[in-house]
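> Here is a sequence together with a model predicted from it:
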Amino acid sequence: MDVSTPEEFLDKVLPESFDAEKAAGLSAVVQLKISGDTGGQWVLTIKDQKLLVSEGAVERPDITLVMKDKDYMNLVNGKLSGQKAFMTGKLKFKGDMNLGIKLQALGLI
């Protein structure tokens, strides 16, 4: 089943699908900036193999991901890979590229 908004994915799907084992040893603060009608800003905090999702912004995230809502929905619904999104300019980020790769392995992007 496809999710229809970033909020639905971040509030319902992501917390249930988060794999704590894969997050072992990872500590990160991720800022998501999603533009468009269903967009918004969210903070993903990964620490002690737990994921906390909250709305809003933080001053100094470890990585910031910027996407349009339609592209983000294609990404989380499996219609667009993170790599392709980045290569085609649909996914922009500021911060640690290695962290971005780890986030992709966790299914967060």
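Now that the structure is in, tell me what you want to look at. Numbering: from 1, shown residues only.

> which stretches of the protein have low pLDDT?
Within the chain, the ranges that satisfy pLDDT under 70 run 1.

> need the strands for it, in chain order.
28-35, 40-47, 50-55, 63-68, 92-95 (DSSP state E).

> Minimum distance to residue 106: which of those has it?
Nearest of the strands of the chain to residue 106, taken as C-beta to C-beta: strand 40-47 at 7.8 Å. C-beta coordinates here come from the backbone N, C-alpha and C atoms, glycine included.

> Which positions in the closest one come out as buried?
40-46 (16 or more other C-beta atoms under 10 Å).

> Could you export the strands of the chain as CSV, including distance to residue 76?
Listed next are those as CSV, based on distance: least, C-beta to C-beta, whole Å:
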stretch, distance to residue 76
strand 28-35, 11
strand 40-47, 12
strand 50-55, 13
strand 63-68, 10
strand 92-95, 16
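
> now residue 76: how far from residue 106?
From residue 76 across to residue 106, the span is 13 Å (C-beta to C-beta, to the nearest Å).

> same thing with residue 72?
Distance from residue 72 to residue 106, by C-beta to C-beta: 16 Å.

> Quick check on those two: which one has the bigger neighbour count.
Just comparing residue 72 and residue 106: by other C-beta atoms under 10 Å the higher neighbour count belongs to residue 72, 27 against 20.
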